[in-house]
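> Attaching a predicted model along with its sequence, questions to come.
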Amino acid sequence: MLALDVGGTNMVAALFAEDGEDPVALASGPTPASRGPEAVVEAGAELLASVRSEGEDHGVEPRRIVGVGIGVPGAVDPARGIVFLAPNLRWRNVPVRDLFQRRLDLPVVVDNDANCAALGEWWAGAGRGSSLMVGVTLGTGIGGAIVRNGRVLRGVSGAAGEVGHVTVQMGGRLCSCGNRGCLEAYASGTAIAARARERVQEGSASSLTEMAESDPGRITAALVTRAAARGDALATEVIEEAAGYLGAGLAGLVNILNPDRIVLAGGVVQAGDLLLKPVRAEVRQRAFEVSSEACVIAVARQPELAGVRGAALTFRREVLEGHR
Ligand SMILES: [Zn+2]
């Protein structure tokens, strides 16, 4: 099986043996998002061709490759392989499956990248052995997916698992989805950077001012994380505040789903215990004891491979096993 994880800036392609969880061949490259869907499909197809030929060197004959699983950062109709909306790629109604199928002459399955990443962590990462897992990706936005016994719980319209868009603050900050007070507006990388910027512009003292060369516009979540790791009080407060909201959002999920695992991934997780400790404390405080005790909150083990792993497994589930 071939797999492709299309990110807003980078793409990863991989070749998997029929039942192998580790890729036989791996390649990555930039996503030419500004040049439109056709250019992205072309670049993706080239990456896939390169892992296919690398696989041949490792004894995987091209005729044994049965299809391709593709993860895309956006709202996907998996049945038709259409990406409705992918803001990071500026895509609207792109027939991704057909575009790839035409180029590759192989069956293609397309799914949302958060679903793929969660499934990949379930298969061979921090979610291994979980019977009910929630995967949460904290990046530019907040993506989520629920994996039950190794299958993504899709909901009746395919839109389940949108963890980033639970309301954690009535009348709160505006979210990218148009609602106010969503978790994403408080705990995504974008939100953390915005909050730190706001505090610095209000005149709060912080080493961030110097780190951003006196230009608050240069403050990113990565910079806030680095400043917090060095003991900066404002950066630490900003991370803890985000962690509080994240914990509140996750406590709701813990109460509703009673999962055994929550796996956190994405750039914001780089903050490590600075983020995790207050998140775990908040969940413990808010959720039912029986549920919070049953739930391990862990960090993704191989986030760089989870996307392609999950895309490959999605293909296997939907085409080889014939059900979703
Ligand atoms: Zn929202």
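That came through, no problem. Residues are numbered from 1 along each chain as shown.

> what domains does the record give for this structure?
In terms of domains, the chain is parsed into 2-119+304-320, 128-300 (source: automatic domain parsing).

> Please tabulate those in a markdown table, including the columns mean pLDDT and distance to the ion.
Every residue, glycine included, has its C-beta placed from N, CA and C. Output for the domains of the chain, formatted as a markdown table (pLDDT from 0 to 100; distance: least, C-beta to the ion, whole Å):
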| stretch | mean pLDDT | distance to the ion |
| --- | --- | --- |
| domain 2-119+304-320 | 93 | 12 |
| domain 128-300 | 95 | 3 |
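
> wait, isn't Gly164 in contact with Cys182?
Yes - using C-beta atoms under 8 Å, Gly164 is in contact with Cys182, at 6.3 Å.

> which one of the two has more residues nearby?
Taking other C-beta atoms under 10 Å, Gly164 and Cys182 do not tie; Cys182 has more neighbours (29 against 25).

> gap between the more buried one and Ala228?
23 Å (C-beta to C-beta, to the nearest Å).

> go on, Leu47?
Per C-beta to C-beta, Leu47 is found 36 Å from Ala228.

> Neighbour count: those two, which is higher?
Higher neighbour count among Leu47 and Ala228: Ala228, with 25 against 21, using other C-beta under 10 Å.

> Is Ile146 part of a helix or strand, or is it coil?
Secondary structure state of Ile146, per DSSP: H, G, I helix; E, B strand; the rest coil, is strand.

> what do you get for Ile70?
State at Ile70, reduced to three classes by three-state DSSP: strand.

> these two touch, right, it and Phe100?
Yes - between Ile70 and Phe100 there is a contact at 6.4 Å, judged by C-beta under 8 Å.

> Do you have the strands of the protein handy? List them.
Here the chain has its strands, by DSSP state E, at 2-6, 10-15, 25-30, 68-72, 75-77, 82-86, 91-94, 108-112, 132-138, 142-148, 151-152, 261-265, 296-299.

> Turn those into JSON lines, including distance to Gly158 and mean neighbour count.
As requested, the strands of the chain are exported to JSON lines (distance: least, C-beta to C-beta, whole Å; neighbours: other C-beta atoms under 10 Å):
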{"stretch": "strand 2-6", "distance to Gly158": "18", "mean neighbour count": "30"}
{"stretch": "strand 10-15", "distance to Gly158": "23", "mean neighbour count": "24"}
{"stretch": "strand 25-30", "distance to Gly158": "28", "mean neighbour count": "16"}
{"stretch": "strand 68-72", "distance to Gly158": "13", "mean neighbour count": "29"}
{"stretch": "strand 75-77", "distance to Gly158": "7", "mean neighbour count": "20"}
{"stretch": "strand 82-86", "distance to Gly158": "10", "mean neighbour count": "18"}
{"stretch": "strand 91-94", "distance to Gly158": "15", "mean neighbour count": "17"}
{"stretch": "strand 108-112", "distance to Gly158": "8", "mean neighbour count": "27"}
{"stretch": "strand 132-138", "distance to Gly158": "16", "mean neighbour count": "28"}
{"stretch": "strand 142-148", "distance to Gly158": "11", "mean neighbour count": "25"}
{"stretch": "strand 151-152", "distance to Gly158": "10", "mean neighbour count": "21"}
{"stretch": "strand 261-265", "distance to Gly158": "21", "mean neighbour count": "26"}
{"stretch": "strand 296-299", "distance to Gly158": "26", "mean neighbour count": "18"}
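
> Export the ones you listed to a markdown table and append columns for distance to Glu318.
As requested, the strands of the chain are exported to a markdown table (distance: least, C-beta to C-beta, whole Å):
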| stretch | distance to Glu318 |
| --- | --- |
| strand 2-6 | 13 |
| strand 10-15 | 18 |
| strand 25-30 | 23 |
| strand 68-72 | 8 |
| strand 75-77 | 12 |
| strand 82-86 | 15 |
| strand 91-94 | 19 |
| strand 108-112 | 5 |
| strand 132-138 | 18 |
| strand 142-148 | 15 |
| strand 151-152 | 10 |
| strand 261-265 | 22 |
| strand 296-299 | 27 |
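
> show me where the stretch 151-300 of the chain has helices.
Taking DSSP state H, counting those that start in this stretch, the helices of the stretch 151-300 of the chain run over residues 184-187, 189-201, 207-211, 221-229, 233-257, 273-286, 289-294.

> Would you tell me which of these gets closest to Trp123?
Nearest of the helices of the stretch 151-300 of the chain to Trp123, taken as C-beta to C-beta: helix 233-257 at 19.7 Å.
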